[in-house]
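1. okay, structure incoming, though there's no sequence with it:
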């Protein structure tokens, strides 16, 4: 185990110096809070991460959940962790006062979740899922549903889930075939199968509350006929007792990583005795679920960034202590070897990790700031934050997920053969992180969402707003002579992004959706690079300003490190856009034209 | 398990249609062979792969080697596999007649090794290592050493290893501290520790023969004082009996993948009773070892390509059968879903895998052809093949290793959630392949080898020869109107590569080795992309010629598939050079300038 799994210094830099979280306290909704309190909350989260979560990160991986006699056994500490999280108010930190929460800004609450995930990704998923499910009931459920499910969920004794995927319906949710047949007593009889359900069953919870998508017979085909139900594992009898609700775990997946949390298959209503309770109106299920899903997508970005961050610090620690070889201009073999962090190529590998981790952290904080501002603004201003969040959601989901894999792989590489062995944590981070480009909408789905929906939405207004945010940063950065050339680079990159977007929209009009979206994953990658370049310019401005106004001591290293990483990003990462642009401009429509038969021999 | 793990059709296309393996039989050395025999050998290798190796690929992973009471237990089938390989002549297929081999071209022998590795990477490592070690003794050992060790190694009963790495000496071999003290009876007393020794101990072999690097006291410091020794686990007494030679396995690594083969730590001479036998002359050890190492590096490229290939076929099979979603211009949700291979984005992911796998296979065959030609040519011609092999070795080691990881990751992604679970083989391929950028010289080492040694060697002659080979292909391809634009693309890419090489050499002269080599990994990546683009142009020429001369039936699909993949490579992969070139031209020397302190906070 490495000594560190994240940097408080970096978090506070982003929170206060880059994104001015304190400015939120000027709004009535957040007026009870102040920086001192934020710092205390963060300190407490760090301690919890250190003391409760990090020590069992490895152990939870080595003893994965198993299905024993119909029961899913998880690590014995999960039960107490969930309860401790609930008791400490961590599940309700961003919940409004009126619902019994602490009404903390998402910026701070999200940072605490990030800390927990850096410490132990799997362990922090349980309460995260429960929180999301509870929020869904809170928003769209009836008072009775609220009163029934929220209290035990918010004490960490009941588990919440999202139950969407089925054997024949993953990316294409419109094809779900789970049926909800109305019964006389106001409930529905549910029948079907759900697969890939995270925390979908386990012995650390007294009950499981599935937020489940199903179709009511006679509803429209496709996504327009999906309804949302609460389907508890055990239903509540009038006398308050819990009885089995015909939800049976048919299997636990054996997974590459993310092994501390069970993912299960569920058989639902095999005995025709599974009762589900409609949430909101029939056939509006997907819309409701997307409230949870959008949060979940940002959550995936958070988890991916957390794993990349923890891996970076483990890798950094190794390079500081491991001695091997000499500087290349030092040929005398009798001189002692140097720590490998002194080799330029190792610094490059570390800079890549730092750039991905801290660039993604920055984007996440910005997105949570927009989330916070949504709650306290109205009219056009609110619409602005809403649209920015819409356009950034596929980026904040996919950039950390895809780049996190590469970043952790470079982290592992820094350890050489030791990185491949389980004496060091890198191999586990490498396994754990591979889920992120898959769950809550694959990278392919995010690409289509960005180019096919978000960029076009409201006549391109979301994309326009994105552009003006970036131009705002560019204009400010140009005023700092040290950053002027980088600001110009970003301006060029943004101009290219606008041009290629226009070009692709023309293809949509002339050639239809297939050709338009064939390379949407490349467009997503390009968009992600430009977005993270923007984040680095923002960080660079804050760092340069601090250096120009007399930063001292350790801070000088910290800020100079930020400037080096900014230069790294613009030197090594931003140029990757050139290859992507060349392809996106290319008129060879080969992936559309090619037939599946061409893969045969 | 997928139905296929490789394509015989593709191998024969490369062997006969692209690289004209039959032309080798015009040389006296290969005159006993012919195409019919090559086909029979390949057929037999495929059968062995299917029947003996592939069925236990998963099982060997699930039951990894363990150290029990000082003995390393491996899968029970390893013993019979090694013997069957030996009995079938597979360990000596490329060994000359005079040493009891079949004297097959390396093109064919290498292809058979490739087939075995596609079927089961770990299982095929054992005899591969023994073969390499035996070849080293054959080349540099004494007659007595030959007679003592070669026969039991060549029957698959004794295991050979390369024992280089030590706790304090991995990439920097000059720092090894294992000592070889001369004793009176002509042997040396060996004392030290070796780590990361593949197949370094196991119960499927009756003895282990370590080809071990150590230093004789008084020898020069650094790499110039390294000698090569044979150090058996059990030494041979005058009466022929085997007695323990004080080589003790102190641990077996628990690894991310490659679990079917043990990697061990060895304590050597802890009781001052380990005898080693000098191979060749003292202090020439590294030079000798590099004969094995160069072969091992090509072998790593072969293994990486094999894993990427097997993963590609598993991924392809899934996309052909898994149905999900509809074509993007088909909005009717009541229409049935289509196999996901019909989605353009999935075809793109498959094309990436096909491009990496078949592009790397092509380069490997070319390298083995050069190996074959080395044996039958003399003078300047021989020097040409030697230099081409020198310059291509870091490429053929690193391109499949690095790109194989990305390719298998895309393969896993094609399966969505199923790719993350061990019901499908993708997660194992993903774990297994991560070793390749690490062992036998990391990617960082390969980058320095390419730019710092190979490109400069003999006044740049190796690089000149590389260029003229590529220009030869470009000129020929230009004569095919269908390929003319692609040939021009490659010409431009090659011109850029020449220019940046010149630029970097100037930096070497002006700023010294640190700045020169700081981005050598990016240079290696660029060089790799151009090299594989060359391979695809060669394949495209063969395919286009076949199409133009009346290919029929299934062959039309096969050749058209090659042309699509060629277009894919030039459309999606070759443009990646633009970002690399931009960085390599950049004068911001940040990774050299930056201090380790800048990573602190």
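-> Done, it's in. As the structure is a computational prediction, the values presented were derived from the model and not from experiment.
2. end-to-end on stretch A:22-35?
-> 6 Å (Cα to Cα, to the nearest Å).
3. in it, what's buried?
-> A:24-25, A:30, A:33 (16 or more other Cβ atoms under 10 Å in any protein chain shown). For the C-beta atoms, the positions are set from N, CA and C on the backbone; glycine is no exception.
4. show me how far that stretch is from its chain's centre.
-> Chain-centre distance of stretch A:22-35: 25 Å, with Cα atoms, centre = their mean, to the nearest Å.
5. now the buried residues of stretch A:22-35 as JSON lines including distance to chain B?
-> Output for these, formatted as JSON lines (distance: Cβ to the nearest Cβ, whole Å):
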{"residue": "A:24", "distance to chain B": "25"}
{"residue": "A:25", "distance to chain B": "26"}
{"residue": "A:30", "distance to chain B": "28"}
{"residue": "A:33", "distance to chain B": "25"}
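6. so who does whichever residue of the stretch 351-500 of chain A sits closest to chain B touch?
-> The minimum distance from the stretch 351-500 of chain A to chain B, using Cβ to the nearest Cβ, falls at residue A:427 (4.1 Å). Neighbouring residues of residue A:427 by Cβ atoms under 8 Å, 6 or more residues apart in numbering or on different chains: A:412, A:419-421, B:255-256, B:434.
7. cool, and residue A:417?
-> B:165, B:170, B:195-196, B:263, B:438-439.
8. the longest strand seen in chain A pairs with which strands, parallel or anti?
-> In chain A, taking DSSP state E as the definition, the longest strand is strand A:188-198. Sheet pairing of strand A:188-198 (DSSP bridges) gives strand A:179-182 (antiparallel), strand A:263-268 (antiparallel), strand A:275-278 (antiparallel).
9. average pLDDT for the second one?
-> Here the mean pLDDT over strand A:263-268 is 98, rounded to a whole number.
10. would you reformat the strands paired with strand A:188-198 as a markdown table and include mean neighbour count?
-> As requested, the strands paired with strand A:188-198 are arranged in a markdown table below (neighbours: other Cβ atoms under 10 Å in any protein chain shown):
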| stretch | mean neighbour count |
| --- | --- |
| strand A:179-182 | 19 |
| strand A:263-268 | 22 |
| strand A:275-278 | 24 |
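11. the closest residue to chain B within the stretch 251-400 of chain A - nearest residue in space that isn't next to it in sequence?
-> Nearest residue of the stretch 251-400 of chain A to chain B (Cβ to the nearest Cβ) works out as residue A:333 at 2.9 Å. Among residues not flanking residue A:333 along the chain, residue B:222 sits closest, at 2.9 Å (Cβ to Cβ, 6 or more residues apart in numbering or on different chains).
12. run a quick neighbour tally on the one you found.
-> 19 (other Cβ atoms under 10 Å in any protein chain shown).
13. likewise residue A:554?
-> 12.
14. try residue A:219
-> Using other Cβ under 10 Å, the number of residues around residue A:219 comes to 16.
15. contacting residues for residue A:403?
-> By Cβ under 8 Å, 6+ apart, the neighbours of residue A:403 are A:308, A:356, A:360, A:528.
16. confidence score at the closest residue to residue A:179 other than its chain neighbours?
-> The spatial neighbour of residue A:179 that comes closest, neighbours along the chain excluded (Cβ to Cβ, 6+ apart), is residue A:191 at 5.0 Å. According to the prediction, residue A:191 has pLDDT 98.
17. for the closest residue to residue A:568 other than its chain neighbours, what are phi and psi?
-> Using Cβ to Cβ, 6+ apart and skipping the chain neighbours, the partner closest in space to residue A:568 is residue A:351 (4.2 Å). For residue A:351, the backbone dihedrals (degrees, to the nearest 10) come out as phi -60, psi -40.
18. enumerate the residues of the stretch 251-400 of chain A near chain B.
-> Applying Cβ under 8 Å from any Cβ of the partner chain, we find that the stretch 251-400 of chain A lies next to chain B at A:253-258, A:263, A:316, A:320, A:323-329, A:333-334, A:337, A:339, A:341-348, A:350-351, A:354.
19. return a ChimeraX selection command for the buried portion of the residues you listed.
-> The buried residues among these can be selected in ChimeraX (16+ other Cβ under 10 Å) with this line:
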select /A:253,254,255,256,257,258,263,316,324,325,326,328,333,337,341,342,343,344,345,346,347,348,350,351,354
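20. give me the subset of the residues of the stretch 251-400 of chain A next to chain B lying in helices.
-> A:316, A:320, A:344-348, A:350-351, A:354 (DSSP state H).
21. so for the contacts of residue A:417, which is the shakiest by pLDDT?
-> Ranking these by pLDDT puts residue B:170 at the bottom, with 93.
22. hang on, the earlier thing: quick one: contacts for the residue of the stretch 251-400 of chain A closest to chain B?
-> A:326, B:174-175, B:221-223.
23. same question, residue A:42
-> Residue A:42 makes contact with A:8, A:11-12, A:108, A:111-112, A:115, according to Cβ under 8 Å, 6+ apart.
24. hmm, try it at 10 Å
-> A:8, A:11-12, A:15, A:108, A:111-112, A:115 (Cβ atoms under 10 Å, 6 or more residues apart in numbering or on different chains).
25. before we move on, what about residue A:444?
-> Residue A:444 makes contact with A:171, A:398, A:437, A:517, A:520-521, A:524, B:340, B:343-346, B:348-349, B:413-414, B:416, according to Cβ under 10 Å, 6+ apart.
26. swap the cut-off to 8 Å and go again
-> Taking Cβ under 8 Å, 6+ apart, we find residue A:444 in contact with A:171, A:520-521, B:343, B:345-346, B:413.
27. residue B:281: which of those residues is nearest?
-> Closest approach between the contacts of residue A:444 and residue B:281, by Cβ to Cβ: residue B:413, at 52.2 Å.
28. thought residue A:439 was touching the closest one, still the case?
-> No: counting by Cβ atoms under 8 Å, residue B:413 stays clear of residue A:439, with 11.8 Å between them.
29. can you pull the contacts of the residue with the largest distance to the centre of chain A?
-> When each C-alpha in chain A is compared with the mean C-alpha position (Cα atoms, centre = their mean), residue A:334 comes out farthest, at 49.1 Å. By Cβ under 8 Å, 6+ apart, the contact set of residue A:334 is B:221-222.
30. now stretch A:176-193: buried residues?
-> Neighbour counts over stretch A:176-193 (16+ other Cβ under 10 Å) mark A:176, A:178-180, A:187-193 as buried.
31. ok now stretch A:479-488, how far from the chain's centre?
-> Distance, stretch centre to chain centre, for stretch A:479-488: 31 Å (Cα atoms, centre = their mean).
32. what residues does that stretch touch?
-> Defining contact as Cβ under 8 Å, 6+ apart, one finds that stretch A:479-488 is touched by A:474-475, A:477-478, A:537, A:540-541, A:544-545, A:548, A:563, A:566-567, A:570.
33. not counting sequence-adjacent ones, nearest residue to residue A:384?
-> Using Cβ to Cβ, 6+ apart, the closest residue to residue A:384 is residue A:465 (5.7 Å).
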